[in-house]
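Asker: using only what follows, build the 3D model:
(chains A and B)
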Amino acid sequence: MSFSEKTKEIYQAQLNDIEAKGIFKQERLIHSSQAADIEVEFPEGSDLKTVINMCSNNYLGLSSHPDVVKAAHDGLDSRGYGMSSVRFICGTQDIHNELEHKVTEFLGTEDTILFPSCMDANTGVFEAILTEEDIMISDRLVHASIIDGIRLSPAQHDTFKHSNMDHLEKKLQLHVDKRLKVVITDGVFSMDGDTAKLDQMADLCEKYDAMLFVDDSHSSGFIGKTGRGTHEKCGVMGRVDIITTTFGKALGGASGGCVSGRREIVEMCRQKARPYLFSNTIAPVVVSGVLRVLDILSQSTERRDKLEKNTEYWRQGLTEAGFVLKEGDTPIVPVMLFNAKLAQDFSRDLYTEGIYAIGFFFPVVPNGQARIRTQISAGHEMHHLEKALAAFKKVGEKHDILGKTKQEIIAQYGL
Amino acid sequence: MEDIKQVILDYVIEEYVEDEDEEVTFDTPLISGGIVDSFSMVSLKRFLENKYQISIPDEKASPEAFDTVDLIVELVKEFTAGK
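Answerer: Next up is the predicted model:
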């Protein structure tokens, strides 16, 4: 037997260690489709409970939209379930090509290549386009998938303090002699909900002859006046060289991602990116759904407008109630609690009140910055937000943190 | 010779500390304390190598060896000894 007692013990010890550190992840079973109201079984085996979902990436409420579901059904009927091949052998259907063209048009770029996920896009792109003569300079808070992509690339790398343009400029000066330079950032940062300063970054990149890379996974579809993303919001459409994004969040929420940007970059990915070359691309059922999502978003900004209004209401309500929030104007609204145990207790008490929102703490966020990350959706109606706000106030009162400053909460609960 | 400890502490504060209120001393845990993430350690290693004209092998540049300014100084001394 190859899986010996010794092997088993090694893994069990590691799992015990994760549990002892309080970072053992458990899934909560959802018995309904993704929406503002969901039916949850938690803990496993308990009765189903209907709760308001305040922590999904379903920003535009399109995950279960009837038109999207119908389009997916149609795609399943007309193009089948699977491709049984990678793209360059016999796994490219006409609708893959159509989706690449539509994404290019939507994002205002030159070309697009689909990937099985944005995780795959981010892990594949840097290795495909850079060599050891080049440098990647990334914001310190970029997503884990970008960090993995950087690690897989032979290029050199450096980091700059989060959104600190002076520090970025110093790094660009330090690496001025490198052959190719690429500055790497998230568009909207997933844990803090703040937006990258793309206007300043684009200026710096032009000044120092560097490419600009933006992961717009938490932006595509709803950030900017017509939902194109952070490049629209910051007025730099056409000045971002590489955009990666996902179809697993606002754009239908199923799966899939892409690299979109300069024609040469996309072509290099088509020739060299390993997740593209060695994995099937997005299934036809999902491609058909995303195509419908892009149609919906190109016809009207109603959903992103509603999301903006919901976000304003939510931020204002929490602020007036006396919570400490991370500054920003995106639908990611982190309620800062600083102490990890408090964040866990707060999440548990919210669940008792019928609100589903998760506590985040070290190592997912820096030590001493524990929080409840709330995410607003266009699928939320006013009654959802009113109920959620009332629950937050009740739980906030219970833990005696309303109106308290960061220092006062830390003094009360510690870090 | 410059005080190595102070030079390294100054660099760490300049390069990594985001919150001005955060006090960092010679024995403050940098990596296990969440001030320096292991991924961003690369600039510290590059700084040490350039400043002291040494080459630190990757296996020696572990998060544990870089966890405090005191430990970093020990590491630098190990590689500058005999130079």
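Asker: could I get the buried residue list for the helix or strand that contains A:Leu342?
Answerer: According to DSSP states H and E, A:Leu342 maps onto helix A:340-352. Neighbour-count burial for helix A:340-352, counted by 16 or more other Cβ atoms under 10 Å in any protein chain shown, picks out A:Ala340, A:Leu342, A:Ala343, A:Gln344, A:Asp345, A:Phe346, A:Ser347, A:Asp349, A:Leu350, A:Tyr351. (C-beta placed from N, C-alpha, C; glycine too.)
Asker: what about the closest residue to chain B within the stretch 101-250 of chain A, how many residues nearby?
Answerer: Per Cβ to the nearest Cβ, A:Thr159 is where the stretch 101-250 of chain A lies closest to chain B, at 4.3 Å. For A:Thr159, the neighbour count with other Cβ atoms under 10 Å in any protein chain shown is 26.
Asker: in contact with the closest residue to it other than its chain neighbours, which residues?
Answerer: Using Cβ to Cβ, 6 or more residues apart in numbering or on different chains and skipping residues adjacent in sequence, the residue nearest A:Thr159 is B:Ser40, 4.3 Å away. Contacts were defined as Cβ atoms under 8 Å, 6 or more residues apart in numbering or on different chains; by that measure B:Ser40 touches A:Arg140, A:Thr159, B:Tyr16.
Asker: in strands, which of those residues appear?
Answerer: Within these, residues falling in strands by DSSP state E are A:Thr159.
Asker: now distance to A:Thr185 and pLDDT too, for the contacts of B:Ser40, in TSV please.
Answerer: Shown next, in TSV, are those (distance: Cβ to Cβ, whole Å; pLDDT from 0 to 100):
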residue	distance to A:Thr185	pLDDT
A:Arg140	10	94
A:Thr159	11	96
B:Tyr16	18	92
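Asker: including distance to A:Glu132, could the contacts of B:Ser40 go into JSON lines?
Answerer: Shown next, in JSON lines, are those (distance: Cβ to Cβ, whole Å):
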{"residue": "A:Arg140", "distance to A:Glu132": "23"}
{"residue": "A:Thr159", "distance to A:Glu132": "18"}
{"residue": "B:Tyr16", "distance to A:Glu132": "26"}
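Asker: list just the nearest of the contacts of B:Ser40 to A:Leu251.
Answerer: A:Arg140 (27.2 Å; Cβ to Cβ).
Asker: how many other residues sit next to that closest one?
Answerer: Applying other Cβ under 10 Å, we find 18 other residues in the vicinity of A:Arg140.
Asker: isn't it right next to A:Asp158, touching?
Answerer: No. With contacts counted by Cβ atoms under 8 Å, A:Arg140 stays clear of A:Asp158, the gap being 10.4 Å.
Asker: A:Thr301 contacts A:Gly227, doesn't it?
Answerer: Yes. The pair A:Thr301 / A:Gly227 is scored as a contact, 6.3 Å apart, by Cβ under 8 Å.
Asker: what about the two, which has more around it?
Answerer: The neighbour comparison of A:Thr301 against A:Gly227 (other Cβ under 10 Å) goes to A:Gly227, with 26 against 16.
Asker: so what's that one up against?
Answerer: A:Gly227 makes contact with A:Ser220, A:Gly221, A:Leu297, A:Thr301, A:Arg304 under the criterion Cβ under 8 Å, 6+ apart.
Asker: state the distance from the closest residue to it other than its chain neighbours to A:Asp67.
Answerer: Excluding the flanking residues, the one nearest A:Gly227 by Cβ to Cβ, 6+ apart is A:Arg304, at 4.4 Å. Applying Cβ to Cβ, to the nearest Å, the value for A:Arg304 to A:Asp67 is 16 Å.
Asker: list, one by one, the residues from chain B near chain A.
Answerer: Selection of chain B residues close to chain A by Cβ under 8 Å from any Cβ of the partner chain yields B:Tyr16, B:Glu18, B:Gly33, B:Gly34, B:Asp37, B:Phe39, B:Ser40, B:Val42, B:Ser43, B:Arg46.
Asker: for the spatially closest residue to the first one that is not a sequence neighbour, list the residues it contacts.
Answerer: Excluding the flanking residues, the one nearest B:Tyr16 by Cβ to Cβ, 6+ apart is B:Val36, at 5.0 Å. For B:Val36, the contacting residues are B:Val12, B:Tyr16, B:Leu30, B:Leu44, B:Phe66, by Cβ under 8 Å, 6+ apart.
Asker: nearest to chain A among those?
Answerer: Proximity of the contacts of B:Val36 to chain A (Cβ to the nearest Cβ) peaks at B:Tyr16, which lies at 7.7 Å.
Asker: correct me, but the closest one touches B:Leu30?
Answerer: Yes. In this structure, B:Tyr16 is within contact of B:Leu30 by Cβ under 8 Å, at 7.4 Å.
Asker: between those two, who's got more neighbours?
Answerer: B:Leu30 (23 against 20).
Asker: SS state for the more buried one?
Answerer: Per DSSP: H, G, I helix; E, B strand; the rest coil, the secondary structure class of B:Leu30 is coil.
Asker: relative to A:Gly221, how far out is it?
Answerer: Computed as Cβ to Cβ, the B:Leu30 to A:Gly221 distance reads 39 Å.
Asker: so for whichever strand or helix holds A:Val40, what gets flagged as buried?
Answerer: Following DSSP H and E, one finds A:Val40 within strand A:37-41. For strand A:37-41, the buried set under the neighbour-count rule, 16+ other Cβ under 10 Å, comprises A:Ile38, A:Val40.
Asker: quick check: the residue of chain A nearest chain B.
Answerer: Counting by Cβ to the nearest Cβ, chain A gets nearest chain B through A:Asn367, at 3.7 Å.
Asker: can you pull the pLDDT of that residue?
Answerer: We have a pLDDT of 80 for A:Asn367.
Asker: now it: closest residue in space, sequence neighbours ignored.
Answerer: Excluding the flanking residues, the one nearest A:Asn367 by Cβ to Cβ, 6+ apart is B:Gly34, at 3.7 Å.
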